[in-house]
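>>> Fold the following.
(one chain, ligands or ions: 1)
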Amino acid sequence: MKVFYSPEHQVHDPENEFTNAGAIPYPECARRATGIAAALSSNPSFEIEMPETIAPIALETIHDTGYLHFLAQVYAGQRSHTVELTPTTFPSRGRGRRPVTLKAQAGYYAFDTTPLTPGTWDAALTAAGSALTGADCLLEGARSAYALCRPPGHHAGRDYFGGYCYLNNAALATEKLAAHGRVALLDIDYHHGNGSQDIFYDSDQVFFVSIHADPDYQYPLYWGYADERGKGVGVGKTRNFPLPPNTGDKAYIETLDEALHCIEDFAPEYLIVSAGLDICREDPLGDWAITAEGVAQIGARIATAGVPTLLVQEGGYDLRDLGANVRQLLTAFI
Ligand SMILES: [Zn+2]
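Alright, predicted model coming up:
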């Protein structure tokens, strides 16, 4: 299986996340991706390649031009500047007007306190490049590929960032493939993929299915409820499966089988998997009990969809086991 990965992501490595418990070390750290790459590089099933370099205009299939300009410019000319920019003021539902200063635009384009750093834009651009190169790989005839993206993407919408996500890697790959046939986007990250859902909510070319911790108790809190089913021609093309705390292998696999049935009914030509491993038992951000054996079952079950599939890395914060868990998922899928 081809793996698309660039070490360039390491230029984005924020120090802290601000939580109700105070500042904590930033969970979405560079060691996550270097650990996954190390776990895969020692296995002959995987062939790690650098992604294509992409021009920012390739992002406009999904993202808003003003938003991209903001991300590209917020640290322009001061890449050596080390201070992180954390949005703290948000215009809320009415959105207000787009402010003139880049600093104020941070809150305008954010939905939480996810920070920006001097390296954020460069890292996000290479992550998007990994996903788009993975999509090209399927278009060239591969049955599967894996994009080792960091920062992750599924919380990012057309014109907003949050949840450690800036550019929606999986959505960019999905949109690219959707020009060639129907695409199912299966999000198995522990958290709901609100950005991805939002982007494809009114599409009948893309079927978005997510299995995640119930937003009644877990981030991102405002999206991911079972009655969110799409709008316009997209009605019925969004399905959410919120699950309770302590979800284990058996309940998860039953839900996954139901989700895969929905995908089968849609009859996609391509499948994108937003692969978050924060579903695993030891993950510090999750509270589920998925075992290594469960991860293997998930990989094997997803493969039964039987269509060209691109797996895109999302969350997963257990630095000790993340690499092994990803390898387990992909090996079982193969
Ligand atoms: Zn997550």
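>>> avg pLDDT for the strand ranked longest in the chain?
Scanning the chain for the longest strand, with DSSP state E as the assignment, gives strand 206-213. Averaged over strand 206-213, pLDDT sits at 98.
>>> would you list every one of the strands in the stretch 201-334 of the chain?
206-213, 238-243, 270-275, 309-313 (DSSP state E, counting those that start in this stretch).
>>> Turn those into a markdown table, including distance to Asp187.
C-betas here are computed from N, CA, C, even on glycine. Listed next are those as a markdown table, based on distance: least, CB to CB, whole Å:
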| stretch | distance to Asp187 |
| --- | --- |
| strand 206-213 | 4 |
| strand 238-243 | 9 |
| strand 270-275 | 4 |
| strand 309-313 | 10 |
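>>> Any chance of a markdown table for the ones you listed, columns distance to Leu177 and mean neighbour count?
Formatted as a markdown table, the strands of the stretch 201-334 of the chain follow (distance: least, CB to CB, whole Å; neighbours: other CB atoms under 10 Å):
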| stretch | distance to Leu177 | mean neighbour count |
| --- | --- | --- |
| strand 206-213 | 9 | 26 |
| strand 238-243 | 18 | 20 |
| strand 270-275 | 4 | 28 |
| strand 309-313 | 8 | 29 |
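>>> Relative to the ion, which of those strands is closest?
Using CB to the ion as the measure, strand 206-213 is the one of the strands of the stretch 201-334 of the chain that comes nearest the ion, at 8.0 Å.
>>> packing partners for the closest one?
helix 169-178, strand 183-187, helix 194-199, strand 238-243, helix 249-266 (3 or more CB pairs under 8 Å, 6 or more residues apart in numbering; DSSP states H and E).
>>> how much space between the residue of the chain found nearest the ion and Asn325?
Here the chain gets closest to the ion at one residue, Gly315, 2.9 Å apart by CB to the ion. Gly315 sits 11 Å away from Asn325, taking CB to CB, to the nearest Å as the criterion.
>>> Could you do Asp122 as well?
27 Å.
>>> before we move on, the earlier item: tabulate the helices and strands packed on strand 206-213 (TSV), appending distance to Ala30 and mean pLDDT.
Rendered in TSV, the data for the helices and strands packed on strand 206-213 read as follows (distance: least, CB to CB, whole Å; pLDDT from 0 to 100):
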stretch	distance to Ala30	mean pLDDT
helix 169-178	16	98
strand 183-187	23	98
helix 194-199	22	98
strand 238-243	30	98
helix 249-266	29	98
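>>> what residues does the stretch 51-200 of the chain put near the ion?
Asp189, Tyr190, His191 (CB under 5 Å from the ion).
>>> In stretch 15-28, which of the residues would be classed as buried?
Glu17, Tyr26, Pro27, Glu28 (16 or more other CB atoms under 10 Å).
>>> Assumed Ala127 was part of a helix.
Yes: in this structure, Ala127 lies within a helix as judged by DSSP: H, G, I helix; E, B strand; the rest coil.
>>> Might you list the low-confidence residue ranges for the stretch 51-200 of the chain?
Applying pLDDT under 70 to the stretch 51-200 of the chain flags the ranges 77-82.
>>> please redo it, this time with the cut-off set to 50
Under the criterion pLDDT under 50, no range of the stretch 51-200 of the chain is flagged.
>>> need the helices for it, in chain order.
For the stretch 51-200 of the chain, the helices defined by DSSP state H, counting those that start in this stretch cover 65-73, 102-109, 120-139, 169-178, 194-199.
>>> buried stuff in the second one?
By that I understand helix 102-109. For helix 102-109, by 16+ other CB under 10 Å, it's Leu102, Gln105, Ala106, Gly107, Tyr108, Tyr109.
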